[in-house]
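Colleague: I would like the atomic coordinates for the input below:
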Amino acid sequence: MSVAAAGSYYYYVSSLNPDPNSKIPKPFQTKTEPPKLDFQKVYNRIASILDASDYDDGSYAPILLRLAWHAAGTYDKTDGTGGSNGATMRYDAEAGHGGNAGLKVARDLLEPIKKEFPSISYSDLWSLAGVAAIQEMVCLQNSLSLFLFSSLM
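Modeller: Next comes the predicted model:
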């Protein structure tokens, strides 16, 4: 079994890079090491801007969650376009779509964080903002716990 796996791996690697003198398959070769990014620092920075008594219900969390949802939800399976990859909602064609109305607030809110952490992609930033929004909405967690507890009674 392990011989078959090793043979499969060798075939895969050699098909990616027919040059036997190269030790790294071409898709994995990089000219420069990408900068190390501490996603926890980015998460903490996002969490620090969620509370805003002067915005809507007092939190940017719902609009950031909506941004992450809409960015991911634009994926078109038939042609492989859209989705979070590329953060195409930055461009007018997608940003101007009626379903994305109001999301400029969220994109603009995250722009200073993007400048602070330039090595994070917009796609990762928006997705991480959605994760932070969910995890930081303590009242949602408490409500869910209460619902689950009461349904067991």
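Colleague: for the protein, what helix or strand is lowest in average pLDDT?
Modeller: Least confident helix or strand, the chain: helix 2-16 with a mean of 50, by mean pLDDT, DSSP states H and E.
Colleague: name the residues that touch stretch 60-69?
Modeller: The contact list for stretch 60-69 (C-beta atoms under 8 Å, 6 or more residues apart in numbering) reads 46, 49-52, 56, 84, 89, 102-103, 105-107, 109-110, 126-127, 129-134, 136-137. In short, each C-beta sits where N, CA and C put it, glycine included.
Colleague: would you map out the domains in the protein?
Modeller: Following automatic domain parsing, the chain resolves into domains at 1-30, 39-152.
Colleague: between those domains, which gets the lowest average pLDDT?
Modeller: Lowest mean pLDDT within the domains of the chain: domain 1-30, a mean of 50.
Colleague: residue ranges for the helices of the protein, please.
Modeller: Here the chain has its helices, by DSSP state H, at 2-16, 39-48, 61-73, 92-95, 104-116, 122-136, 138-152.
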